[in-house]
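Q: quick one, what's the 3D model for this:
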Amino acid sequence: MAADSFVFQTAGQILGKLTTLAFREIGSIWGVKKNFKRLESTVSAIKAVLLDAAEQKKKNRQVEDWLEKLQDVLYDFDDVLDDFMTEDLRRKVVIKGSKRKRVKNFFSSSNSLVLRITMSRKLKNIRSRLEDIDADRKQFGLVERAPDSPFVYPLREQTHSFVHAPDVVGRDLDKSRIIELLLSVASPSTSSSTTENISVLPIVGLGGLGKTTLAKLVYNDDAITSNFETRLWICVSEEFDLKKLIEKIMKDATKGVDHAHLDLNQLQANLRSFLVSKKFLLVLDDVWNEERKKWMELKDLLNCGSSGSNIVVTTRKRTTAEIMGTMEPYELDSLLNDECMSIFIKCAFKEGEEKQYPKLVEIGKEIVMKCGGLPLAVKSLGSLLYTKREEREWCYIKDNDIWKIEQKGNDVLPILKLSYDDMPLNLRQCFAYCAKFPKDYDLYNFDVILQWMAHGLIQSFDGSQQLLDIGNQFIHELQLRSFFQCEDLTFDGVLINVRMHDLVHDLALSMASKEVSHVNYDTRNISRGTRHLLFSAVRLEGEEFPHFLLKLNKVRSFSFQFEVGPITKKFLDTLIKTFRCLRLLELGESKFEELPSSVGTLKHLRFLSLWGNDIIKALPNTICNLINLQALNLLGCAMLHDLPRNFGNLSSLIYLHLTSKVTSFPEKRHAEGLRSLQYLFIGSCCDLESLLGGMKNLTALRFLIITECPSLTSLPAESMRYLTSLETLWIIKCEKLNLLEEEGMMMELPRGLLSLVLEEIPKLKELPRGFENATASIKYIRINYCPSFEILPEWLMKCTSLSKLNLENCMLLESLPLGMHQLTALRYLCIRNCSENLGRKCKRETGEYWPSISHIPEIFLDD
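A: Coordinates of the predicted model:
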């Protein structure tokens, strides 16, 4: 990837490992201490000139080639170091949990000798290659340069909303005009004269101009929602595939139900059945297709709606607009300079702060003038300058050579790269990695962070912060810099997923260079330096593993872009044996009954996803050899009977998504080995009846989410209080669950709990007494669709940190505790669809409870 970030960061990570106490011990145990020291010296000398090399490569092709060779060697060196760490971890696991005979076998002379010889050869090879590269370094005359600080957190306050919900500037007139056009053709008098039931309005404009934002404004306007029976929103992006488009339309139409298992004939029948005689508005966002035949195939299927139905298309291409439109394309103009300045001020300053910096505002006007009326460019540069208050820093952007580059049409990448170059090196690396995701893809927060962790892109330099927390800070920082767009937040304000504007994705792809490849069976040219593969195929049933991928034995991540259907065991086995260096393997939405036992040989693997595989029945016990595995996603594996007997060997596991047919979890022998687990999501385990006492061993657990477990009757009352790290407890759709005390056992919550959600639990009548333990820490409480819930505890008044209380659809809840006015931290209160009596008491101004709740800034009550 980009030399100025990835090579430098990789070298830094290697040096960081070599200087740790753990590696000093490993060097002594394996007799390679001197080798480590020599390699450390060589890498240090090379690293010192890398920032200068990043500058020199722009003028010297040989330097660029040198950097690519160096990156290749450093990756191989990192693999070797990981081999040492893995063997050391395996040794510790064997000592801790196995019988003396097996320990003796591990340290037998023959076993130890083979490993020593293998490791010694690998180190010798790395040392030789690095010394050659170091010799080449000297001929380029590179000089040492000091790096920027790698720390990125926290760079600014986290309370500003311009990224989360930016005000849309300068599009009111465009919005009104488009709504007028849509409603005019939607009226019976206008549409009756045409032989077609649907009209198509293309919105055309440069990338980064705000076409999608404008379409969203129109889509959500009251005049539109009241005039169309059905509204659908589909992000098309670069591939215009009929089957995938119908799947997306039907998924949106049925509120998230997946239709990928249906064939094309079934899909088109379902689509026509859904749309027939309905007046609908369909937005096809970000269309690139220029083949009229493909469009006509889709249009013919959509022409079954009632008269007055509309399709809005957003596109950068005039040709696409002419092919698809039945109306004259709406040409979106650039924003006026004053409008761009308004956006810039909101992004670059806190509210009202610009008045303190009149000179910066004047410089900002010149910067905005150069952005050509493109809001994405304005927003990006404004966000970049948010933390800078020195005139020279603003002048650097204004006078940068990037403005001298002739812009090609809608090419704002050079402008965006200014913001990229301003990032700390470690943040650049994380951003560029996101090129491996498809365009217009929902990036799930935890998923992205775990992938960064799998590749070692997140480091805790002093060990004081959890990697998940650092990852969250990285996501937030990319959001504040306008590289990520916030999509959804949870009830307690946690970011669920983000998106990247397609131009921002283009920037990531350009920075990722040769390391990220999006491939399919038709791919012919692919770089041998590829480390991250995204494989696109509609169906893989009966297909062999692509031969052109067999040469890529250094790939570190492999993912499928779409649901690929059934895969043969031979395909999987070839994949695993080819990509020995995998850190990440995503087989989500693929179907296979058996995971090959060879998966246990992927000793570098940190992330494994099998989600959505509803035919796999068992996991091979060899999966328990993956002692570096940090994340395992088994969500949707509904036929999975049990977990392997040695599952507790996965001592590095911090994240587990579980769906299976188990009746109890976790077994004691498993739980004792899962002491690193921080996130446990148990979903759709239809046969699960109880969580066992082994839960008390999960002392690192921070997030426990249990959803759609209809047979679950109890939680381990005695064990819950041992979960001293628990911050989030969500229990949703558990029909048989009883949380109240049984047989004298009282369930106690740990004292540090922050977020509690209880939803669709029919037996819940009140909060257990043991929940009082969390009164000092709890910030968020949500109780929803609990029809038996009838009383809030008096100890609620002790919840001095409570900031958000949500009570909905609890028809028996009649009252609030006395003293609600004492909850001075409470910023949000929602009471809806509870008893009429409670609604009457909370009525604004006149209700009995109003004086005690009126201090709360945000209150949502029944009308």
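
Q: show me the helices in the stretch 301-450 of the chain, by range?
A: 318-324, 337-348, 358-369, 375-384, 391-398, 413-421, 425-433, 445-454 (DSSP state H, counting those that start in this stretch).

Q: distance to Lys17, mean neighbour count and mean pLDDT for those helices - can I get that in TSV?
A: Backbone N, C-alpha and C define where each C-beta goes, glycine included. Putting these into TSV (distance: least, CB to CB, whole Å; neighbours: other CB atoms under 10 Å; pLDDT from 0 to 100) gives the following:
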stretch	distance to Lys17	mean neighbour count	mean pLDDT
helix 318-324	50	18	88
helix 337-348	39	20	90
helix 358-369	42	17	91
helix 375-384	33	26	87
helix 391-398	35	16	87
helix 413-421	27	21	78
helix 425-433	15	24	91
helix 445-454	15	22	96
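
Q: using TSV, lay out those helices together with distance to Leu267.
A: Below are these laid out as TSV (distance: least, CB to CB, whole Å):
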stretch	distance to Leu267
helix 318-324	21
helix 337-348	41
helix 358-369	47
helix 375-384	35
helix 391-398	49
helix 413-421	37
helix 425-433	34
helix 445-454	27
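
Q: show me the one of those helices that comes nearest Arg90.
A: helix 445-454 (18.7 Å; CB to CB).

Q: now the biggest helix by length in the chain: mean pLDDT?
A: Looking across the chain with DSSP state H, the single longest helix is helix 61-97. Mean pLDDT, computed over helix 61-97, is 85.

Q: buried residues in it?
A: By neighbour count on 16 or more other CB atoms under 10 Å, the buried set for helix 61-97 is 63-64, 66-68, 70-90, 93-94, 97.

Q: what of stretch 304-322?
A: For stretch 304-322, the neighbour count (16+ other CB under 10 Å) marks 304-316, 320-321 as buried.

Q: centre of the chain to that stretch, how far?
A: The gap between where stretch 304-322 is centred and where its chain is centred comes out at 31 Å by CA atoms, centre = their mean, to the nearest Å.

Q: same deal with stretch 328-346?
A: Computed by CA atoms, centre = their mean, the chain-centroid distance of stretch 328-346 equals 30 Å.

Q: ends of that stretch, how far apart?
A: Taking CA to CA, to the nearest Å, the first and last residues of stretch 328-346 lie 34 Å apart.

Q: quick one on the thing from earlier: and which of the buried residues of stretch 304-322 is nearest to Thr212?
A: Looking across these and measuring by CB to CB, the closest to Thr212 is Thr314, at 5.9 Å.

Q: quick one: that closest one and Leu201 touch, right?
A: No. Thr314 is beyond contact range of Leu201, at 10.0 Å (criterion: CB atoms under 8 Å).

Q: least confident pick among the buried residues of stretch 304-322?
A: Arg316 (83).

Q: next, that residue: phi, psi?
A: phi -90, psi -20 (degrees, to the nearest 10).

Q: quick one: it from Phe140, how far?
A: 41 Å (CB to CB, to the nearest Å).

Q: and if you look at Ser277?
A: Counting by CB to CB, the gap from Ser277 to Phe140 is 72 Å.

Q: more neighbours: which of these two?
A: Phe140 (16 against 10; other CB atoms under 10 Å).

Q: so what's the more buried one up against?
A: Residues near Phe140 by CB atoms under 8 Å, 6 or more residues apart in numbering: 53, 56, 60, 62-63, 66.

Q: report pLDDT for it.
A: Phe140 is assigned 84 on the pLDDT scale.

Q: gap between it and Val49?
A: Computed as CB to CB, the Phe140 to Val49 distance reads 8 Å.

Q: over to Ser513?
A: 20 Å.

Q: count the neighbours of the residue nearest to Glu297 when sequence neighbours are not counted for me.
A: Of all residues not flanking Glu297 in the chain, Leu242 sits nearest, at 5.4 Å (CB to CB, 6 or more residues apart in numbering). Using other CB under 10 Å, Leu242 is surrounded by 15 other residues.

Q: ok, now Ser460?
A: Around Ser460 there are 11 residues (other CB under 10 Å).

Q: can you verify my assumption that it contacts Gly471?
A: No. Under the criterion of CB under 8 Å, Ser460 is not in contact with Gly471, lying 10.5 Å apart.

Q: any idea which element Leu182 lies in?
A: helix 172-186 (DSSP states H and E).

Q: packing partners for that helix?
A: Judged by 3 or more CB pairs under 8 Å, 6 or more residues apart in numbering; DSSP states H and E, helix 172-186 is in contact with strand 198-204, helix 211-219, helix 222-225, strand 309-315, strand 330-331.

Q: what residue is smack in the middle of this protein?
A: Centroid check for the chain by CA atoms, centre = their mean gives Tyr444 as the closest residue, at 2.6 Å.

Q: quick one, what contacts it?
A: By CB under 8 Å, 6+ apart, the neighbours of Tyr444 are 496-497.

Q: quick one: pLDDT of it?
A: Reported pLDDT for Tyr444: 93.

Q: from Arg782, how far off is it?
A: 21 Å.

Q: that older thread, farthest pair in the contacts of Phe140?
A: Every pair of these checked by CB to CB; the farthest is Ala53 and Gln62, at 10.6 Å.
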